[in-house]
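# After the sequence you'll find the predicted model.
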Amino acid sequence: MAQILDGKAIAADLRSRVAVGVRDFVARRGRRPGLDVVIVGDDPASQVYVRNKAKACEEVGMRGEVHRRPGDITQAELLALVHSLCARDDVDGVLVQLPLPKHLDETAVLDAIDPRRDVDGFHPMNAGALLSGRPALVPCTPLGCMRMLDHAKVSLDGARAIVIGRSNIVGKPAGLLLLARNATVTLAHSRTRDLAARCAESDVVVAAVGRAGLVRGDWIKPGAVVLDVGINRGADGKLVGDVAYDEAAERASWITPVPGGVGPMTIACLLENTLRAAWMRAGLPLPELPL
Ligand code: NDP
């Protein structure tokens with residue numbers, strides 16, 4: 001039976017480390033690191049996410065501020081807001097909550113964020129840095145996956161890893177991070193043939209698809225480590241992952257639950273990235289954060 005990778009506990013540990021780094025930053029610079037979150041429109045789920053992000057900042061001693069704008073904001077007005085935030089010295093991280101209303105050009109808005117303040121790690125400069133092995137700010141969810149693997153002391157050197165899903169925010173960066181740690185990586189997607197067989201030969205499985213229970217127990221190599229990024233609403237309204245948890249837990253050595261697995265790590269890594277951005281911009285050596 002697999003051991004559970006408890007995202008809540010690992011995230012709490014990371015947050016307390018971030019809080020120490022925040023206190024150190026305040027002592028040296030005389031101000032708190034700050035994250036500014038922009039939200040457009042009134043999507044209830046997005047409202048909850050941004051509130052939680054700002055609250056998490058305050059809890060570790062950072063400044064967390066939400067900038068709410070109406071759903072009919074123009075592209076020019078939104079770009080002006082992003083530019084004005086990125087020009088402020090007390091703003092270390094800028095995050096634009098997605099999705100944006102259809103009339104706005106999401107790519108152009110994300111590209112307008114100063115790469116040094118791009119705590120989501122979605123800017124092409126940061127994506128390129130990750131690709132060329134010079135990671136600056138790395139997307140939070142894949143970073144959270146790596147933190148969990150490190151917590152479980154999983155040896156990635158030479159391991160076979162499969163990432164199911166190739167989005168820019170999860171799948172691709174997760175694959176690159178695993179590659180950077182010397183795993184032999186398969187990036188699978190909707191056109192992949194023999195997905196079950198590719199999975200069954202993998203020591204590490206990262207599922208980031210958005211299909212409830214896609215990964216079955218018999219796809220899991222005995223002893224493999226399973227990270228389930230997927231968040232899906234089951235028929236009974238409960239949250240479930242992409243992995244058939246009970247079946248997979250019979251064979252895996254470690255597995256993340258949903259909820260309470262990768263999810264809490266994402267927000268803890270956002271805090272880590274904000275602190276990292278503050279330290280980098282201040283030209284200070286980075287504090288030791290990895291678990
Ligand atoms: P996307 O929809 O952008 O990407 C999904 C990927 O899954 C695509 O690459 C797609 O392939 C692939 N895919 C779809 N169907 C299959 C299939 N049957 N077999 C194999 N691959 C398939 O999703 P995201 O990357 O944004 O998110 C993935 C999941 O992770 C979602 O459930 C999301 O809610 C969750 N998530 C969780 C987070 C957390 O904090 N825990 C944060 C971010 C996301 P193709 O490219 O060929 O279309």
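Arrived safely, thanks for sending.

# and the closest residue to residue 271 other than its chain neighbours, what element?
Excluding its sequence neighbours, the residue lying closest to residue 271 (CB to CB, 6 or more residues apart in numbering) is residue 18, at 4.8 Å. For the C-beta atoms, the positions are set from N, CA and C on the backbone; glycine is no exception. For residue 18, the host element (DSSP states H and E) is helix 7-29.

# elements contacting the helix or strand following that helix?
Where DSSP H and E defines the elements, the next helix or strand beyond helix 7-29 is strand 34-40. Packing contacts for strand 34-40, counted by 3 or more CB pairs under 8 Å, 6 or more residues apart in numbering; DSSP states H and E, involve helix 44-59, strand 63-69, helix 75-86, strand 93-96, helix 262-281.

# so what's the residue nearest to residue 271 up against?
Residues in contact with residue 18, defined by CB atoms under 8 Å, 6 or more residues apart in numbering, are 60, 268, 271, 272, 275, 289.

# Closest one to the ligand out of the residues you listed, please.
Among the contacts of residue 18, residue 268 lies closest to the ligand (CB to the nearest ligand atom), at 10.5 Å.

# about what we covered before: state the pLDDT value of the residue nearest to residue 271.
Reported pLDDT at residue 18 in the predicted model: 95.

# in the helix holding residue 18, what's buried?
Buried residues in helix 7-29, counted by 16 or more other CB atoms under 10 Å: 7, 10, 11, 14, 15, 17, 18, 19, 21, 22, 25.

# again, but for stretch 210-217
So for stretch 210-217, counting by 16+ other CB under 10 Å, buried means 212, 213, 214, 215.

# I'd like the residues you listed as CSV, with distance to the ligand and secondary structure appended.
Shown next, in CSV, are the buried residues of stretch 210-217 (distance: CB to the nearest ligand atom, whole Å; DSSP: H, G, I helix; E, B strand; the rest coil):
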residue, distance to the ligand, secondary structure
212, 9, coil
213, 11, coil
214, 6, coil
215, 9, strand
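
# Just give me the closest of those to residue 1.
For the buried residues of stretch 210-217, the residue nearest residue 1 by CB to CB is residue 215; the value is 17.5 Å.

# and that closest one, what are its bridge partners?
Beta-bridge pairing for residue 215 (DSSP bridges): residue 243.

# quick one: terminal-to-terminal distance for stretch 204-222?
11 Å (CA to CA, to the nearest Å).

# same deal with stretch 129-142?
Chord length of stretch 129-142, first to last residue, is 15 Å (CA to CA).

# follow-up on the earlier one: please determine how far the residue nearest to residue 271 is located from residue 177.
Residue 18 sits 19 Å away from residue 177, taking CB to CB, to the nearest Å as the criterion.

# go on, residue 228?
17 Å.

# Please identify which of these two sits among more neighbours.
Neighbour comparison, residue 228 and residue 177: the larger count goes to residue 228, with 27 against 24 (by other CB atoms under 10 Å).

# With adjacent residues omitted, what lies nearest to the more buried one?
residue 241 (3.6 Å).

# give the contact list for the one you found.
207, 212, 228, 229, 230, 231, 232, 256, 257, 258, 261.

# Mind doing that once more with 6 Å?
Contact analysis of residue 241 by CB atoms under 6 Å, 6 or more residues apart in numbering lists 228, 230, 258.

# For those, give me CSV that also has secondary structure.
Below are the contacts of residue 241 laid out as CSV (DSSP: H, G, I helix; E, B strand; the rest coil):
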residue, secondary structure
228, strand
230, coil
258, coil
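
# Let me know the closest of the residues you listed to the ligand.
Using CB to the nearest ligand atom, residue 230 comes nearest to the ligand of the contacts of residue 241, at 3.9 Å.

# thinking that closest one is in contact with residue 240, fair?
No - using CB atoms under 6 Å, residue 230 is not in contact with residue 240, being 7.9 Å away.

# who are the neighbours in contact with the residue of the stretch 1-150 of the chain found nearest the ligand?
Nearest residue of the stretch 1-150 of the chain to the ligand (CB to the nearest ligand atom) works out as residue 141 at 4.2 Å. Listed by CB under 6 Å, 6+ apart, the contact set of residue 141 reads 170, 266.

# Just to be sure, it is in a helix?
Yes - the assignment for residue 141 by three-state DSSP puts it in a helix.

# Roughly how far does it sit from residue 161?
Residue 141 is 16 Å from residue 161, by CB to CB.

# Residue 74 too?
Residue 74 is 44 Å from residue 161, by CB to CB.

# Counting neighbours, go ahead and name the busier of the two.
A side-by-side neighbour count of residue 74 and residue 161, using other CB under 10 Å, places residue 161 first with 26 against 10.
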